[in-house]
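*Asks:* Pasting the sequence and the predicted model now:
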Amino acid sequence: MGILEVKNVGKRFGGLQALGDVNLSVAENTVHAIIGPNGAGKSTLLNVLVGKLIPDTGSVMFDGQSVLGRKPHEINQMGISRVFQTPEIFSDLTVLENVMIPCFAKRDGAYRMHAFETVEDEVDIVQKAEQMLLDVNMQDKLRMTASSLSRGDKRRLEMAMCLVQEPRLLLLDEPTAGMARADTNNTIDLLKEIKDSRDITMAIIEHDMHVVFSLAERITVLAQGTPLVEDTPENIKGHPKVQEAYLGQAHG
Amino acid sequence: MLGLNQKDTKFLLIVVALTLLTPFLTQPFAESSGLAQFNAGYPDLMQRFAIYGIFAIGFNILFGLTGYLSFGHAAFLGVGSYSAVWMMKLLTTNVIPGIILAIVVSGLFALLIGYVSLRRSGIYFSILTLALAQMSFNLAYSVLTPITNGETGLQLTLNDPRILGVTATPDGSIPATHLFGLEMKSSAQWEVFGHLFTFNVGYYFCAVMAIIAFYLSLRIFRSPFGMMLRAVKTNQTRMSYTGLNARPYTLAAFVISGMYAGLAGGLLASMDPLAGAERMQWTASGEVVIMTILGGAGTLMGPVLGAGFIKYFENIFSKINDGVLHGWFAFLPDGLEDFVVFLIHPFVGKGWHLTLGLLFMLVVTFLPGGLMEGGNRISRWYKNRRNKGTDTDEGTPHAPKSTPHVAE
Amino acid sequence: MNAVNTSTNINANHAATAPAYFSVWDLHAYYGESYIVQGVSLNVHEGEILALLGRNGAGKTSTLRAIARLDEPMLTHGEIWLDHQNLHKMKSYEASQAGMALVPEDRSIIPGLTVEENLQLAQIAEPVGWSLDRIYELFPRLGERRKQEGVTLSGGEQQMLAIARALARDIKVLLLDEPYEGLAPVIVDEIEKTLNIIKAQGITTVIVEQNAIRALELADRAVILDTGQVVFDGLAEEVLANEELRAEYLAI
Amino acid sequence: MDTFLLQILNGLDKGSAYALIALGLTLIFGTLGVVNFAHGALFMIGAFCAVTLSRILNLSYETIDPEKKDFLGNPAVVKTTYVESWFGPEAGAWIIDWAVPLGILFAIPIMLLIGYVMERGLIKHFYKRPHADQILVTFGLAIVLQEVIKYFYGANPIPTPAPSAFKGSFDFGVLLGMDPNVIIYPYWRMIYFTFSLVVIGAVFSFLQFTTFGMVVRAGMADRETVGLLGINIDKRFTIMFGIAAAVAGLAGVMYTPINSPNYHMGMDFLVLSFVVVVVGGMGSLPGAVLAGFLLGILESFASMNWIKDILPGIDQIIIYLVAIIILLTRPRGLMGRKGVMEE
Amino acid sequence: FTNEPTGSTVTLGFNVPQTGAYADEGADELRAYELAVEHLNGGGDGGMLNTFSSKVLEGNGILGKKVEFVTGDTQTKSDAARASAKSMIEKDGAIMITGGSSSGVAIAVQGLCQEAGVIFMAGLTHSNDTTGKDKKANGFRHFFNAYMSAAALAPVLEKLYGSDRKAYHLTADYTWGWTQEESIAAATEAMGWETVNKVRTPLASTDFSSYISPVLNSGADVLVLNHYGGNMVNSLTNAVQFGLREKQVNGKNFEIVVPLYSRLMAKGAGANVKGILGSTNWHWSLQDDASKAFVQSFGTKYGFPPSQAAHTVYCQTLLYADAAARAGSFNPCAIAEALEGFEFDGLGNGPTLYRADDHQCFKDVLVVRGKENPENEFDLLEVVEVTPAAQVTYAPDHPMFAGGALGNCNPGA
Ligand SMILES: Nc1ncnc2c1ncn2[C@@H]1O[C@H](COP(=O)(O)OP(=O)(O)OP(=O)(O)O)[C@@H](O)[C@H]1O
Ligand SMILES: Nc1ncnc2c1ncn2[C@@H]1O[C@H](COP(=O)(O)OP(=O)(O)OP(=O)(O)O)[C@@H](O)[C@H]1O
Ligand SMILES: [Mg+2]
Ligand SMILES: [Mg+2]
């Protein structure tokens, strides 16, 4: 029994069956990759998991509890954090503030307000956020406004915002897209380190096979809204169907 | 000090000093000079500076931080005034119970309106607040006349019960509003070098309230709560996927700013015990929006400046009539005098709206951050000039700024 | 040509070579007060593919945006010549009419318009390029989704639409900002083929890409940027061959 | 039954005024993304175009008639209009009588010009600025326009009647076999209704059947990209603004016989038309028109006596009440598009 | 007492609407004020100073002090009006406040003046409440009121339209509208008319079609428009548009009545006022010496005849000055005493009494009708009847005026 159990999930957009009949089980403390052609429904599946979309059919259980029908913030409070395909950050706030906010959310829940303390008084939160930014190599950009970051930095920032919450399940939607190779490698290292140092489950969507094969313990290939195969990376690499539908000749 | 860092403490102290010295600052011209027309140091206007400053500070907590543009905030001002006047009719003309009731009632009213209208965002929210406030105004003006006294406005009368105070003073008039016996309207005057300075109890009461209001808003701006509100403004999606529920935050900001408005309304009634329905009209809501933007939304001092600016215009510019103009330009030869007066005439007195409209356009076009930005530019310019002599190009880019062959 | 360190050197080179089909000379551009593009020069011959590489935040996007004459960053100095027309005095729509096309990094699919409308929009101003039929032939997926709102396409589909939209105009130079980002490997193969088709049409291409190896394999020449300045300008093979260069600026 | 019919007629007429103003507003508001608080002022300026034309037609030369006396007892000044002296008394009187319809021709170029100047001179600097800044600058402009009109025309309403051919009203009741006087309707209001349908139809077809509409919508969503596709979006925005100004102005011209124009008539309509636009849904032209008619009709119903007896004061708040109910049940108004002005 | 003049001048505060719908009336009031000040200071032709029955004013200001004035903008909002009045009192040292053109504003400012201890000479205010339930010892009204309108109109209506009529009221939904409706309904019912319906219309209405169209079918044959300002202009225009004037109901010509008329408004309604009855406080075509003198000096100075608002505020200024001169003091209490029960003549409207009980002025009231063939642009109304003061006088404790207390005069600090 995995920490995340997706059963028979289906979702239609008008005439398009974006998700057919998805069954997925992610075991605790593993990295599970979801790959598949563009438009296969990978992001849609994540949208269902975080409460952005409500599926037409099926059920989604996280740690034995259903996530369906819950608001996004409630789902996050259950321990699920998500990195989006296009970075969602607080663009008018500074980098440091961007990371502090998830710290508050983690510590105080969905709506405990601290109207009469100053931000600087929250020493432990500031420290935690600074440490996190150090981990993602952004320590020299603490006071920059998030909107003026380059795209790669925005992604790293968003990842920091999710990681600092120490989620039990981290959903990553193409975390290294657009990242320079050096940073991609750093990210892989970072994710590996996090995986080793604490209890965390990750589901990662990625088109960069280098990233997928360095991290994933199991891979699900999604095509046209239904899982094609689910297997270990080694087996996936050699799977003829996957090669044809997804990997193409270069990785053959 | 007071939970503020050094910079903010300094800021607060400056505000306190400015507020307490207002009777001097607003009275720069000698009584006998022609420019005395521009003096603003009389009790009513100084009180209004403080009161509308509070109103704008409160509005800014909602709008400046969360970006939710309420177009119905005057409703809370009106409700605050009505509550305070009712307190003075039923209980006592001591201002404290009235103000407390004003804050409480407007807070509850804001909770109700906020709960309904915060279900939507953007322009939809603005129109919801506008509609709710306009409904309140229309009802207050006609159907609710038994409570609000309609068009005339709610006033104290000689028949009010005032169970803790007196119905009428021994000489048969309505008792004045007071703070434990200290009458709001009593003033001391000090004449020095031809300048007349007025120190009014009501003003100082409002000023203390304004300082407290300012201090609280400073704390809110610097608090994690304030940071969350700014986060709501930039990205609600990320907010919710970070595990935060934006609604309670926005609702809290809405209620707080509603209570500020209620306090302002209560103070208005305490200074002058009348509550008119026009206080709730959309134009009044629009006025506080404009004060805030004009001064600089999201800045701490901006809204206060904007409030002062507009109230100054309303009260000073509207009073400049042709007679006053002729007085100023009497030194010119007759023909020229008439000509100058003719030129200025459309912009003052009954044309004060025209000048106000033009200034709105100029300020917002050339100072995108409002009056605060103007202030910042001046201080930057001043600093640059001072630095010129000592250290050269620090922080100036080394690269060519512009070259002739790139057009536009 | 070898790695050069100052922009003055490049200017000297520029003076020595014959004016290329598409040439950019000594660009300087600002975001407000921040000085981002610090004297970039490029020379591309007709029908050539140039890879513009560099780390995150190196200024690649900013350079492309400045060339496309967008308002931000603001170009303060420099010349841009395309087929004997000077673009540096133009606004972006005039540059586009002169044959310049930019596929932005966020793809900029226009919300509220269907796939087909997004394409039609590109054919309003002269000069018009490929017909819609021809485009759908190259990208059958877009043909299938022609009535769907553009922004609801999957990431890969959006990238195709953005390139297709550029082809719908009659262009002389195509600026591509990270065209492979977020695409399944098979699609990357496909886009690569498309780019070769485009090249065969005689269209000049500048491609910014984090997947440096693939870009270099495709490109004829390469330019590497670092902190807004050109640090290398030469043949693509040279970069592939030069370990040192790759390690220092590309981490590959 | 007959009162319902009557109130539907009234509502259609009120609705056509709302719809027409909201249409112009939503063109700017919903497609260019500018909150234009000066839109009411454009409506007012349109009305004053009619006033001005009628003043121009009434320009006259003065002769002193010793027979008559003025109010101070001095010999009276008699005025004869130039129009009458040029075209003869009959034709001249006819031209003066037809000032309002002629005002349409007069207003179109003026409104287009005002729209052009306003957009090029002011609004274009505000496309990228926050809505709040747009509100402030256009509100300032509205005040200025209003005060300028007040300076030249005074604060009182100025009667501007319809041509005498359209005086009086038509008896619908008789047509439907009812008693006389049960359902009467003034001719001019019928003309106003028809006119608004024509204008609405024209604007719709222009935006629907030409690519212009698509370009403008695209430009509002993403100016930068539209520019990258070789389209000069600024020019289109200017045209759009001109059209919106002309629509507002024409609505104003035709409205003058219904209510005498005064300098603040624009502000009176402003808030209502914003409500109409938002209830219709941001970015939706059909929504604005639908909401205009809907609110017009509901407002008329609310003024019926028996309804007022049950709910005192309902006619004071009906529009706001309906707006609130619609916005709470339909998140983006009747037909609003997702994402438009929701941030 | 408040603002006791110590120098060689005395300052009066003219608080009129300069922006908003009543700005033109405000402007006309200001003209009249300036004329009055000129006359008080001995300038011009003296105007009604020459016809005024009291002769204490000598053209040397008031009590030898030169009259100066300050102006302010009421914006026709009680709030703004009070702020403006306060600034005149606190900043400019005004000893008397006057002006305004709506009852809400008048009552609000009157209350303020009572508390501040200055005299308030009301401008244009027609509500019964101003000298009824909201009367104040420091406030005085020269204008007539709704009750007096009704009392003057009713006999004329009976004479012209008969006593068997059915009236339909449209009433602006606020205090002034209500008192007017109450007064007219009571007066017409007393002579035998039936009131078919009383319909309240929202103040913000600009289009009255949905209120007007049901009128014809209601069985009523008279429409009474208890509207003022823009409301009145629009509702009357709408009513004429619907062709009400040409209709026959119950075998009679359908009639429209506008109880409170002003010439400026009549101008706004244009040709629609023709033949429509109403009442007004004063009209420039009156032929008594006082009115003629006033029209002469106003018309010479400004080139057009004064409005009733101008007349009222001119009188108010003169009456204040005269009271101060007679009392020999600027003390508000002395002035109030001098005004209370004061009888005079020569300010138009015939012999006049300032009643002590409620500070209401009693004088002749004009019933007017929109003129069919105006001779010039000012000639819009014709006087149908001058109703003598006696006929419009009521007891101080009349139920429509009950409820308030005058209180004691307040001289302030
Ligand atoms: N809101 C929507 N309305 C209509 N169709 C949608 C919507 N969202 C997604 N789709 C469609 O559903 C399909 C799956 O989209 P999804 O974004 O999940 O793909 P993906 O697997 O994440 O692809 P990529 O790797 O390119 O990001 C696509 O064809 C897309 O066009
Ligand atoms: N709008 C902006 N305002 C201020 N600075 C900006 C802005 N956009 C980008 N920058 C800064 O300009 C620099 C160059 O950014 P640019 O986006 O051109 O880099 P890039 O080479 O495209 O990087 P990436 O590979 O991450 O896309 C970065 O340091 C970034 O922080
Ligand atoms: Mg995806
Ligand atoms: Mg980039």
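*Replies:* On my side now, so go ahead. All values reported here derive from a predicted model rather than from experimental measurement. Ligands and ions are numbered 1, 2, ... in the order given.
*Asks:* drop to CA atoms for contacts and neighbour counts, all remaining ones
*Replies:* Fine.
*Asks:* could you measure the residue nearest to the spatial centre of chain C against C:Val230, distance?
*Replies:* Central residue of chain C (C-alpha atoms, centre = their mean): C:Leu175, 1.9 Å from the mean position. Distance of C:Leu175 to C:Val230, given as C-alpha to C-alpha, to the nearest Å: 17 Å.
*Asks:* Need phi/psi at the residue nearest to the centre of chain C.
*Replies:* The phi and psi torsions at C:Leu175 (degrees, to the nearest 10) take the values phi -100, psi 120.
*Asks:* give me the beta-bridge partners of it?
*Replies:* Note on C:Leu175: beta-bridge partners by DSSP bridges are C:Leu102, C:Val206.
*Asks:* What residues does it make contact with?
*Replies:* Neighbouring residues of C:Leu175 by C-alpha atoms under 8 Å, 6 or more residues apart in numbering or on different chains: C:64, C:100-103, C:205-208.
*Asks:* need these in JSON lines with distance to ligand 2 and pLDDT, can you?
*Replies:* Below are those laid out as JSON lines (distance: C-alpha to the nearest ligand atom, whole Å; pLDDT from 0 to 100):
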{"residue": "C:Leu64", "distance to ligand 2": "8", "pLDDT": "93"}
{"residue": "C:Met100", "distance to ligand 2": "19", "pLDDT": "91"}
{"residue": "C:Ala101", "distance to ligand 2": "17", "pLDDT": "92"}
{"residue": "C:Leu102", "distance to ligand 2": "13", "pLDDT": "93"}
{"residue": "C:Val103", "distance to ligand 2": "13", "pLDDT": "92"}
{"residue": "C:Thr205", "distance to ligand 2": "17", "pLDDT": "92"}
{"residue": "C:Val206", "distance to ligand 2": "13", "pLDDT": "93"}
{"residue": "C:Ile207", "distance to ligand 2": "12", "pLDDT": "93"}
{"residue": "C:Val208", "distance to ligand 2": "8", "pLDDT": "92"}
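*Asks:* pretty sure C:Thr114 is touching C:Thr152, no?
*Replies:* No - with contact defined as C-alpha atoms under 8 Å, C:Thr114 does not reach C:Thr152; the gap is 9.4 Å.
*Asks:* Could you tell me how far the closest residue to B:Thr66 other than its chain neighbours is located from ligand 1?
*Replies:* With sequence-adjacent residues excluded and distances taken as C-alpha to C-alpha, 6 or more residues apart in numbering or on different chains, B:Thr66 is closest to B:Lys233, at 4.6 Å. Separation of B:Lys233 from ligand 1 (C-alpha to the nearest ligand atom, to the nearest Å) stands at 24 Å.
*Asks:* Would you state the strands of the stretch 101-250 of chain B in chain order?
*Replies:* All strands of the stretch 101-250 of chain B, identified by DSSP state E, counting those that start in this stretch, fall at B:154-155, B:178-179, B:182-183, B:187-192, B:195-200.
*Asks:* what do you get for chain C?
*Replies:* C:22-31, C:34-44, C:49-54, C:74-82, C:85-86, C:100-103, C:173-177, C:204-208, C:221-226, C:229-235 (DSSP state E).
*Asks:* Mind listing the strands the third one pairs with, and their directions?
*Replies:* The pairing partners recorded for strand C:49-54 under DSSP bridges are strand C:204-208 (parallel), strand C:221-226 (parallel).
*Asks:* Next: the shortest one.
*Replies:* Sheet pairing of strand C:85-86 (DSSP bridges) gives strand C:74-82 (antiparallel).
*Asks:* Tell me what angle the strand it pairs with forms with strand C:34-44.
*Replies:* For strand C:74-82 against strand C:34-44, the angle by axes from the mean of the first three to the mean of the last three C-alpha atoms, to 10 degrees is 0 degrees.
*Asks:* now strand C:74-82 against strand C:173-177, angle please.
*Replies:* Going by the same axes, to 10 degrees, strand C:74-82 makes 140 degrees with strand C:173-177.
*Asks:* anything in strand C:74-82 near ligand 2?
*Replies:* No - with C-alpha under 6 Å from any ligand atom as the measure, strand C:74-82 is seen stopping short of ligand 2, the closest distance being 10.5 Å.
*Asks:* Name the surrounding residues that touch stretch B:200-210.
*Replies:* For stretch B:200-210, the external contacting residues (C-alpha under 8 Å, 6+ apart) are B:19-20, B:43-44, B:46-47, B:50-51, B:53-54, B:182-188, B:267, B:271.
*Asks:* Give me the distance between stretch C:103-118 and the centre of its chain.
*Replies:* Counting by C-alpha atoms, centre = their mean, to the nearest Å, stretch C:103-118 is centred 17 Å from the centre of its parent chain.
*Asks:* E:Ser87: neighbouring residues, count only.
*Replies:* For E:Ser87, the neighbour count with other C-alpha atoms under 10 Å in any protein chain shown is 24.
*Asks:* My read is that it contacts B:Arg48, right?
*Replies:* No - counting by C-alpha under 8 Å, E:Ser87 does not reach B:Arg48; the two are 11.2 Å apart.
*Asks:* May I ask which helix or strand encompasses E:Ala85?
*Replies:* Using DSSP states H and E, E:Ala85 maps to helix E:78-90.
*Asks:* How about stretch A:206-224 and ligand 1, any contact?
*Replies:* No - using C-alpha under 6 Å from any ligand atom, stretch A:206-224 stays clear of ligand 1, coming no nearer than 7.3 Å.
*Asks:* Please identify the buried residues of that stretch?
*Replies:* Residues A:206-208, A:211-213, A:215-216, A:218-224 are the ones in stretch A:206-224 that count as buried (16 or more other C-alpha atoms under 10 Å in any protein chain shown).
*Asks:* what do you get for stretch C:125-144?
*Replies:* C:125-127, C:129-130, C:132, C:135-136, C:139, C:142-143.
*Asks:* got it, and stretch D:213-233?
*Replies:* Across stretch D:213-233, burial judged by 16+ other C-alpha under 10 Å covers D:213-221, D:223-233.
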